[in-house]
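> Give me coordinates for this.
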Amino acid sequence: MVDLIVKSQDIIDRILTLELVRVTERAAVSAARLRGRGDEKAADQAAVDAMRRELSRLPIEGTVVIGEGERDRAPMLFIGEKLGTASGPKVDIAVDPLEGTTLCARDMPGSIAVMAMAAAGSLLNAPDVYMEKIAIGPGYPRGIVDIDMTPEENIRALAKAKGVRPNEISVLVLDRERHKQIIEDCRRIGCPLRIIPDGDVAGIIYTAQPEQTGIDLYLGIGGAPEGVLAAGALRCVGGQMQGRLILDTEEKIARAAGMGVKDPHRKYDMKELASGDVIVSLTGVTDGALVAGVRFDKDVIRTETLIYRSTSGTVRKIAAEHREMDKFNLD
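Numbering: from 1, shown residues only. I've put the predicted structure just below:
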């Protein structure tokens, strides 16, 4: 009987895994209809509406623990929002319906629709604030890099572990004024530096596939939602990541405390950001290094999705052709 229960649960989990693909596919298609139109808010809202609609149909009792804002702070998928039919397992949900809104609005590479799901209590529940982050790929001793070390110290430590010169370590950072010092340090060392305008979920995942993406190290400050999502994906493919919430006002500290964050200065490792069995689904909106963007052909909509699962370490790439055009026209 126990074996039957376990097998039944595994079947349910597998079904939910495929259903998450549908969720990010719908969000990606909705956003892709507005590619290159220059309207970031409209594209984001289209993705949010599609993702909310699909999540509301799933047989889960879901709570958004990482979202696009807190209740009364944003009309998006907010932290604390309940989703699903309330007839299935209790789960945590982390969402970024359109990561890379600027990329989508300008029809530039790297925009994605992404979400993660795990058992209730598995994903970091934190306010929508910034987070310090550092990430590298698999194959290195634990603790080889650290968020408390300087960029130069991290680059040199990683170079030594990799067996290359420091100026051969490729680094990715967001194009933000706050990263001026990181950029200067990398250029002083002579590192290949990729500066992206948006999209640090994909940027962190890039470190897990340096042969394909050309990225060894991610450094910098980005959104906490993106940090949790990236941690979930990185757990599936290997690598290391640390994050620290930037709670630089009393109001932010109070908000975080209300969500269970007791130490505002805590340094989280990858498994503390996303523990347990985590499933991450990521669908391309525009073409990128990880997945192709949505294609609108005469009678078919084509999507490409990566689905990650931490328990099995499985990564599946799903290239789909959607012929039920009327359903997508509802998005």
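> residues contacting Gly239?
Ala135, Ile136, Gly137, Pro138, Thr207, Ala208, Met270 (CB atoms under 8 Å, 6 or more residues apart in numbering). Placement of C-beta: from N, CA and C, glycine included.
> which of those are buried?
Neighbour counting by 16 or more other CB atoms under 10 Å classes Ala135, Ile136, Gly137, Thr207, Ala208, Met270 among the contacts of Gly239 as buried.
> For the last one, which non-adjacent residue is closest in space?
Of all residues not flanking Met270 in the chain, Met241 sits nearest, at 4.3 Å (CB to CB, 6 or more residues apart in numbering).
> and the contacts of Gly239, which of them are in helices?
With DSSP state H as the criterion, helices contain Met270 from among these.
> Among the contacts of Gly239, name the ones in strands.
Secondary structure from DSSP state E places Ala135, Ile136 of the contacts of Gly239 in strands.
> now the nearest residue to Leu193 once chain neighbours are set aside, what's its secondary structure?
Computed as CB to CB, 6+ apart, the closest residue to Leu193 that is not its neighbour in sequence is Cys186, at 4.8 Å. Taken by DSSP: H, G, I helix; E, B strand; the rest coil, the conformation at Cys186 corresponds to helix.
> all helices of the stretch 101-250 of the chain, in order?
101-105, 151-162, 180-189, 200-206, 210-213, 224-237, 250-258 (DSSP state H, counting those that start in this stretch).
> Dump the ones you listed into TSV; add mean pLDDT, mean neighbour count and distance to His322 as well.
Listed next are these as TSV, based on pLDDT from 0 to 100; neighbours: other CB atoms under 10 Å; distance: least, CB to CB, whole Å:
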stretch	mean pLDDT	mean neighbour count	distance to His322
helix 101-105	94	24	19
helix 151-162	97	18	42
helix 180-189	95	16	41
helix 200-206	92	28	23
helix 210-213	88	14	26
helix 224-237	90	28	24
helix 250-258	91	15	40
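> closest one to Ala94 among the ones you listed?
helix 224-237 (5.0 Å; CB to CB).
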